[in-house]
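Participant: Here is a sequence with its predicted model. Questions after.
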Amino acid sequence: MIVPIAATFILAASVFEQTFDDGLNAYRAGDYAAAIQKFEDLIEQGVVNTAVFYNLGNAYYRAGHIGPAIANYERTLQLDPSLLDARENLMRAVSSTERRLSKPAPPMWEQSLLFWDDQLTQQTSYVLAGVCWVLGWTLLSIRLFWPFRYLLRGAVLAFVLTVIFAASVWSKANPQNIAVAAANRVPVHYGTHEDETVRFELYEGDRILVDRRTTAWARVITADGERGWAKAEQLAFVGPPYERITPRRDPSF
Amino acid sequence: MTIWMAAVAVVIASTDVPPPRTWVSQQTVGVDAPFWVHVEATGTDVTMPDMLQCPGLIIDPIDVRYAVFSPTRSENETQTFRRSFLARIHEPGTVTIPFQEVMVDGQRMLTEAVTVTAVTRPDLTGPSRMDGRDFNREDIVFIDMAVDRRDVYQGEPIFFKTQLWRVISPQIDSGPYGESRILLPSTEGFFVENLDPLSYTESRGVWDYDVWEERMILYPTVVGNVTIGRWHWEGVALIDTPGRRRRDRLYYKLNVGPIPITVRPLPASPAGFSGSVGQFGVHADSETTNPLQGVPFKLAVTIKGRGNPYAMGDPELPPIAWADVAGPVRELLAHDVDESGRQWIERRFTFTLTPLRSGDFRMDGAEFTFFDPELKTFSKINSEPIHYVVTPSMELAGALVVADGNALEEGEVEILGEDIRPVMPRSGTLEADRGAMLSLVVLTSMPVLTFFGLAGYSRRQRAHQPPRAAQTVADARQGLEAAAGMDDPYGHIQRVLSGFLAGQVQRSLEGLTAEDLATELAGRNIPEKLQNDLAAIWQTCERARYGKGAHADARDVQQIIHQARLCVDEIGRTPRRGQDLS
């Protein structure tokens, strides 16, 4: 039983790798539309990988779709904030947008408490939290046999650090719900109907916060507090969850 | 003096109920020159005519304005209603505007007829009502709005302004009040670019006014008939009246607009149309005309002119086979609007060229295609051609190693995507994200379970081990029981008791007599009876050891052992002062 299951996983992994390589080859050959389809296929199948998002961002950028490019660079930096290439490409992409709108800032409590974890990946925070957790319980276990008073203090400190790193893990696993305008002009209405008055417009590449979402509409908030409803199909949602941005075989791509 | 006396006239007049009236802004007008026809009535409930019917008079059906003047904000009080019609006369002559029927508080009332004379020489327009010395309500505050054109092509900008005029007078203050409603004109169907508002002083008639002007550029986003909505403004004028302590108030409800706009679609556009509407010129400026092979340089194409800066597409460069072209980077260098609303814009498009080969090359000018609304046709303009001499690079004389270790054909350069970082290769295996819940549960629970397991083990170990005090009593009892089989039972009993009591009193008891032992035990909070029993046992053992018989009677031995055991049990149950019982 175990062998077929393991074989299934192994086969799936090799299919993913083949798809990745196909996408990379298509990119290098200049067929950016094909590269986009391949990398989007991987995302649709649940692959969450820094290289996939980054390369997809480059493919969108080369194809002239700044909005989806920015969305994928943001995804890359969610997974690995220290990746300088992604950060630089994101800056280039944002600088080529019409308004160079800044990204909505996270809540004040998060900025105040978690200002130190910008360069840490989620996995690093996860490991640090785990190490502190195990250390705390180890110190308590030692104290059962050797009642040294500093062991209790050390355990308390370890548990406090565990809470701090766990907060970092949680904030990275639950980032702000960001979307990027994926069309040249995205009208933002007062309500969820096309006949509603347009309140303002977004330009391609503008990053906004999404605080509500229906099937076809999303309520967006810009960095300067303007809010309204935009069509979901005109936005590229950063995630998680990581959704396919381009429908299959979209002729515009 | 004149102003506030006129103001007094306004106030006094407002206290009487004047009859309905019709009058015109000019009684002598030029042919086809616009003028206003006002119909006014005062009452609590007034119904005005929707439209004027007058042969020879052409009325604008859209631009009908109405205003309400009142000394209070209450709509149940007497108010003055006015409806104004914008009119023209096509032919010279005299036109008589007949009486107009109005309903005032349920009564049918008629205004008087008014004549207007149209002349072909506009300078003979005659005195304007505003030039007169009469001071009317509308002289204090009024609003206006206008566009520079009403018939445009899609994408062609419209200059739109709204003006609030307030008379300058030391006796009169005017403006909105706390609960006044101000509904701005709707600009649906337009993309709006707000300009800086203006505040200035201007004369009209005999009065000077503070004018607050809001300006904006409207870009039609739809084709067909689009309307700039009505502007509704409410305010109050506070008028000083001599001899009165309280200032008189005059409330206003003013409306202006709407303004219809006709937006025409652009004709079928040629290939390469940039999307721009206006009048433009193009100029190209190269950073160098002698670039080095493989070294990027900038080519800036500047578009200047009048039009919409937000709908300006990129100029097209001709095919350049000898260089890679990246960009452009778009910059808005200038965007000015003059008083009449005409825009001047300047945008720069910077391309980055990287020569792939050396040699002499001629680049044709950059091309820009736009629609000229004045000529009603598309225009294509080109910048000047540029001649380049690309110097070969000595570093590239051999084969180049670029991305992925591919060596290229000699003398050519592969662009690595110098504007963004290159793609990343695959690292490791790819797999679907299954989440970390299982490892999280394992990681979290294992140290906790280990701790509680160890805690349980530790507790069990302590439960199986008698405490130190109990261990001493048990040892003593065991030792006493063994004395029965000893050769020297009394000596053994004494040694066992000595060891046990030494642990209790924390000192050696060897060499002590029975009396010494009793004294020592008295200082350790041991009951007197117990002291006496132990002293008696001690004395018995001493006598038996150093006394007559080495052969002790077994019954005597058992009795001593029993008594000693009772004493040991008694001591083991009693806490001692200063004794460590842990």
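Facilitator: Cool, got the structure.
Participant: got the residues of the stretch 101-250 of chain A near chain B?
Facilitator: Remark: the part of the stretch 101-250 of chain A in contact with chain B comprises A:126, A:130, A:133-134, A:136-138, A:140-141, A:144-145, A:197-198, A:201, using Cβ under 8 Å from any Cβ of the partner chain. Backbone N, C-alpha and C define where each C-beta goes, glycine included.
Participant: residue boundaries of the strands in the stretch 351-500 of chain B?
Facilitator: Per DSSP state E, counting those that start in this stretch, the stretch 351-500 of chain B has strands spanning B:359-363, B:367-372, B:377-382, B:386-390. These are given in chain order.
Participant: Same list (those strands) but as JSON lines, adding distance to residue B:264 and mean pLDDT.
Facilitator: JSON lines is the format used below for those (distance: least, Cβ to Cβ, whole Å; pLDDT from 0 to 100):
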{"stretch": "strand B:359-363", "distance to residue B:264": "37", "mean pLDDT": "91"}
{"stretch": "strand B:367-372", "distance to residue B:264": "11", "mean pLDDT": "92"}
{"stretch": "strand B:377-382", "distance to residue B:264": "13", "mean pLDDT": "92"}
{"stretch": "strand B:386-390", "distance to residue B:264": "38", "mean pLDDT": "93"}
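Participant: Chain A: which of the ones you listed is closest?
Facilitator: Between chain A and those, the tightest spacing by Cβ to the nearest Cβ is seen for strand B:367-372, at 18.6 Å.
Participant: quick one: residue A:161 is in a helix?
Facilitator: Yes. Remark: residue A:161 belongs to a helix, assigned using DSSP: H, G, I helix; E, B strand; the rest coil.
Participant: right, and the pair among the residues of the stretch 101-250 of chain A next to chain B with maximum separation?
Facilitator: Taking Cβ to Cβ as the measure, these span a maximum distance of 73.4 Å, between A:145 and A:197.
Participant: about what we covered before: PyMOL command to pick out the buried ones of the residues of the stretch 101-250 of chain A next to chain B?
Facilitator: The buried subset of those, as determined by 16 or more other Cβ atoms under 10 Å in any protein chain shown, is captured in PyMOL by this line:
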select buried, chain A and resi 126+130+133+134+136+137+138+140+141+198+201
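Participant: just curious, which of the residues of the stretch 101-250 of chain A next to chain B is nearest to residue B:240?
Facilitator: residue A:197 (43.2 Å).
Participant: If we ignore the residues flanking it in sequence, what's nearest the closest one?
Facilitator: Leaving out its chain neighbours, the residue that sits closest to residue A:197 by Cβ to Cβ, 6 or more residues apart in numbering or on different chains is residue A:190, at 5.2 Å.
Participant: what about the nearest residue to residue B:172 once chain neighbours are set aside, neighbour count?
Facilitator: Counting by Cβ to Cβ, 6+ apart, residue B:239 is the residue found nearest to residue B:172 once chain neighbours are left out, at 5.4 Å. The local packing count at residue B:239 equals 24, with neighbours defined by other Cβ atoms under 10 Å in any protein chain shown.
Participant: who does residue B:239 bridge with?
Facilitator: For residue B:239, the beta-bridge assignment (DSSP bridges) gives partners residue B:172, residue B:248.
Participant: So what would you say the end-to-end distance of stretch A:94-114 is?
Facilitator: Taking Cα to Cα, to the nearest Å, the first and last residues of stretch A:94-114 lie 25 Å apart.
Participant: same question, stretch A:97-106
Facilitator: From the first residue to the last, stretch A:97-106 extends over 22 Å; the measure is Cα to Cα.
Participant: returning to what we had before: in this structure the residue nearest to residue B:172 contacts residue B:251, no?
Facilitator: No. Applying Cβ atoms under 8 Å, one finds residue B:239 not in contact with residue B:251, separated by 11.8 Å.
Participant: And the helices in the chain?
Facilitator: This is for chain A. Here chain A has its helices, by DSSP state H, at A:2-28, A:32-44, A:50-62, A:66-79, A:84-95, A:108-113, A:122-145, A:149-173.
Participant: Chain B, not that one
Facilitator: Assignment of helices within chain B using DSSP H yields the ranges B:2-15, B:137-140, B:437-464, B:468-483, B:489-505, B:514-522, B:528-546, B:554-573.
Participant: Give me the residues contacting the shortest one.
Facilitator: Applying Cβ atoms under 8 Å, 6 or more residues apart in numbering or on different chains, the contact partners of helix B:137-140 are B:10, B:67, B:69, B:80, B:82, B:130, B:166-167, B:172, B:174, B:205, B:207, B:237, B:239, B:250, B:252.
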